[in-house]
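Participant: Sharing a sequence plus its predicted fold:
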Amino acid sequence: KNNQIKQLDQLGAIGQMAAGIAHEIKNPLTTIKGFVQLLSEQAKSEYSDIILSELERIEFIMGEILLLAKPQTNISFKKENLNKIILEVMSFMHPEATIHDVVLNRNLAPIPAVSCEAKQIKQVLINIIKNAIEAMPHGGNIRIKTYYSEGFIRMNIIDTGKGISKERLQRLREPFYTDKEKGTGLGLMICYKLIEDHHGTLHFTSEEGKGTCVHIKLPVAT
Ligand code: ADP
Ligand code: MG
């Protein structure tokens with residue numbers, strides 16, 4: 001337990017430093033991007049496209065790091081209907097799912113309101129659905145379930161993807177832990193942080209070759 005707290009403290013310090021660096025890099029990056037865009041207007045070349053797409057990747061990673069370390073001061077928790085949030089995310093993700101031959105299903109039971117920052121819960125859901133789509137290169141199914149049980153609102157996101165081995169299950173929370181060529185390994189770390197900021201829990205169960213279930217538990221709004 002002590003060790004866990006120590007690890008979290010360390011993560012905080014490293015996170016703050018990473019955010020500081022990300023912030024410092026942002027301005028020169030914007031300048032570089034602007035000038036590359038100008039250059040490519042003058043003399044269009046395939047190199048400028050590569051430079052721009054790589055710059056966009058740096059911007060994306062910086063954005064994720066900044067999000068991780070962002071101090072939780074100006075967030076406002078409101079009573080929200082989680083099912084409504086899920087329906088919004090499902091329609092937002094529908095095109096991307098369809099492109100990858102993934103069908104999004106739902107089983108949404110009547111549930112009490114949850115006290116949350118809707119934007120953050122959406123972010124968590126989008127990260128998890130993206131991971132599920134990426135785990136199904138030949139298509140498949142994603143089912144999102146909600147129900148109420150023992151004082152908590154429960155949400156399951158179940159996919160029929162490649163699954164996660166026992167060893168890898170232990171490491172999902174680690175920053176930069178990814179098995180994807182273009183992955184950042186930051187998505188789940190952000191999900192854990194946001195759900196824990198909501199006094200909820202997040203955990204995974206999985207069977208290799210069969211699929212993965214993400215279990216999220218959130219307290220009912222008082
Ligand atoms: P990234 O998506 O950039 O790799 P994440 O933090 O979102 O980073 O995920 C970390 C790793 O967890 C992924 O690279 C993948 O190996 C594993 N993972 C997450 N969700 C799933 C899933 N639904 N099915 C299989 N593997 C998953
Ligand atoms: Mg991801």
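Facilitator: Everything's here; your move. Ligands and ions are numbered 1, 2, ... in the order given.
Participant: When you work out contacts or count neighbours from here on, use the C-alpha atoms and nothing else.
Facilitator: Will do.
Participant: Spit out the contact partners of His100.
Facilitator: Each residue near His100 by CA atoms under 8 Å, 6 or more residues apart in numbering is listed here: 133, 137-139.
Participant: Report the two of those separated the most.
Facilitator: Within the contacts of His100, two members stand farthest from each other by CA to CA: Ile133 and His138, at 9.4 Å.
Participant: count of residues packed around the nearest residue to Ile157 once chain neighbours are set aside?
Facilitator: Among residues not flanking Ile157 along the chain, Ile144 sits closest, at 4.6 Å (CA to CA, 6 or more residues apart in numbering). Residues lying near Ile144 (other CA atoms under 10 Å) number 23.
Participant: and Ile144, that's in a strand?
Facilitator: Yes. Counting by DSSP: H, G, I helix; E, B strand; the rest coil, Ile144 is found in a strand.
Participant: residues touching it, list them.
Facilitator: Residues counted as contacts of Ile144 (CA under 8 Å, 6+ apart) are 104-108, 155-158.
Participant: if I look at Lys119, how far off is ligand 1?
Facilitator: Noted for Lys119: a distance of 18 Å to ligand 1, by CA to the nearest ligand atom, to the nearest Å.
Participant: Now the residue most central in space within the chain: closest residue in space that isn't a chain neighbour?
Facilitator: Nearest to the centroid of the C-alpha atoms of the chain, with distances taken as CA atoms, centre = their mean, sits Asn127, at 2.9 Å. Distances taken as CA to CA, 6+ apart place Gly187 nearest to Asn127, at 6.0 Å, with adjacent residues excluded.
Participant: Only C-alpha atoms, please: export stretch 169-182 in CSV.
Facilitator: Extracted in CSV, the C-alpha atoms of stretch 169-182 (Å, rounded to 0.1, in the frame of the first residue of the first chain):
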residue,chain,number,x,y,z
LEU,A,169,-3.5,-6.9,-18.0
GLN,A,170,-1.2,-5.9,-15.1
ARG,A,171,0.5,-3.2,-17.1
LEU,A,172,-2.4,-1.3,-18.8
ARG,A,173,-2.2,1.6,-16.5
GLU,A,174,1.5,2.3,-17.2
PRO,A,175,2.3,5.4,-19.3
PHE,A,176,3.6,4.7,-22.8
TYR,A,177,2.6,1.0,-22.6
THR,A,178,1.4,0.2,-26.0
ASP,A,179,1.5,-2.7,-28.6
LYS,A,180,0.6,-0.4,-31.5
GLU,A,181,3.0,1.2,-33.9
LYS,A,182,1.2,4.5,-33.7
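Participant: I would like the residues contacting it, please.
Facilitator: Residues contacting stretch 169-182 (CA under 8 Å, 6+ apart): 184-186, 188-189, 192, 204-205.
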